[in-house]
Structures are given as C-alpha cells and as structure tokens.
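S.K.: Need coordinates for the below:
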Amino acid sequence: MFAEEFAVLDGGSALWEALRPLVSAALRLEREGETATWHGWNKQQIDVFLQALPAHCALIAGVWEADRLALGCVCEVVAGEVRSLRTFEQLDETLQLDELAPDFEHARAIMRVVKREIAPVAWALFTDKATWDEWVLSPEAEAGMIDKGALLDSLARQGRCVLLGSQAALRHHHH
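M.R.: The predicted structure follows:
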C-alpha cells in the first residue's frame, strides 16, 4: 500500500489534521495485514485498487463543509504504492485555498495544478463532508468489508459527489 520511501510533504499544514486519522488507519491496516478491517476497508481491497492504476498517477480528494474546504489532499501513486501525500496547501499558491469552492471550475483548476506539479490525475473525488463520511466511515460496515467502489458509484449516481480523472472517464465509458 505505502512505498518504502513514503513521504508526507506538509504534515504541519492546517489541512493535515483532517488527514491524520485516515493515514493512521491506513498504516494500521498495512501493519496488521489481510485480516484487519476499518469501516469496511481492508488492505487487500486498497492494494487491488492501487495496482489497477496507471504506473505514475495522482489521486485527489476535496471535501467541503459549509462552503469551507475541510479536507484537500493529493496522493502520488507509483507502481501501485502510495509514494507521497500532500494537502492542497502544498500545491501552487495560485489556487488560493480560501477561495476554492466545490464547483467544476475549481475542480479542474486543482487537477491542472496536480498534473503539472505531480502526475496525471487518475481519480479526483470532490464532495461534501456528509457524503465523504458516509463513504469513508460507512457505519454499517463495522462488521467487515464492503465494496467501497460500488458505494462511491452509488453516491455519484445520486449526485452527491463528483468523480473526475482519467480512470473515471474510462469507467464511465465502459459502463
């Protein structure tokens, strides 16, 4: 899941606090192996997803709460492993984080910066905090693993989130 040389590039940023518990959970899943689960996630499910991505790409998550960016992060993935993690605060300052809104124009601007600075974007998820929590934390999944891809597809079909990127385009083209 994580590359041996995994790097957090701006762990002191304000947006990092929202990521800390997610990174801790992912590290625990990695450490505990195939039998561990966390809110419906497990290491095997994450590894299968990462291995199916292009050799060098980026994953983006932008989450808004009350028209304020609550979580903004970019994972750089190389050869199926997460090599680096950074918040939007570490990206080009022309983004002006306090002005980012959950709209298509700002999503495309973020994706352009990520492509220029890091790697082509395989997946970009933009949503509100309630939808993010429903997908990531899935309270009904405490007993075991659930299909997070199917849940995210369902949320996107309901108009509760936007999925963009090269892999999103391929997925919708084939379905």
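S.K.: Where does pLDDT dip in this structure?
M.R.: Under the criterion of pLDDT under 70, the regions of the chain flagged as low confidence span 139-145, 169-175.
S.K.: In it, which helix is the longest?
M.R.: For the chain, the helix with the greatest residue count under DSSP state H is helix 16-32.
S.K.: surely V23 meets V8?
M.R.: Yes - here V23 lies in contact with V8, judged by Cβ atoms under 8 Å, at a distance of 7.5 Å. Bear in mind the C-beta positions are built from the backbone N, C-alpha and C, glycine included.
S.K.: returning to that earlier point: list the helices and strands the longest helix of the chain packs on?
M.R.: Contact analysis of helix 16-32 by 3 or more Cβ pairs under 8 Å, 6 or more residues apart in numbering; DSSP states H and E lists strand 2-8, helix 43-51, strand 68-78, strand 81-87 as its packing neighbours.
S.K.: residues in contact with it?
M.R.: 1-2, 8, 10, 36-39, 41-43, 46, 63, 70-71, 73, 85, 87, 136 (Cβ atoms under 8 Å, 6 or more residues apart in numbering).
S.K.: export it as CSV, just CAs?
M.R.: This file holds the C-alpha atoms of helix 16-32, laid out as CSV (Å, rounded to 0.1, in the frame of the first residue of the first chain):
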residue,chain,number,x,y,z
TRP,A,16,-3.2,17.9,7.6
GLU,A,17,-5.3,17.5,10.8
ALA,A,18,-8.2,16.1,8.8
LEU,A,19,-5.9,13.5,7.1
ARG,A,20,-4.1,12.4,10.3
PRO,A,21,-6.7,9.8,11.4
LEU,A,22,-7.1,8.4,7.8
VAL,A,23,-3.3,7.9,7.5
SER,A,24,-3.2,6.3,10.9
ALA,A,25,-5.9,3.9,9.9
ALA,A,26,-4.2,3.0,6.6
LEU,A,27,-0.9,2.4,8.4
ARG,A,28,-2.7,0.2,10.9
LEU,A,29,-4.3,-1.8,8.0
GLU,A,30,-0.9,-2.2,6.4
ARG,A,31,0.8,-3.3,9.6
GLU,A,32,-2.0,-5.7,10.6
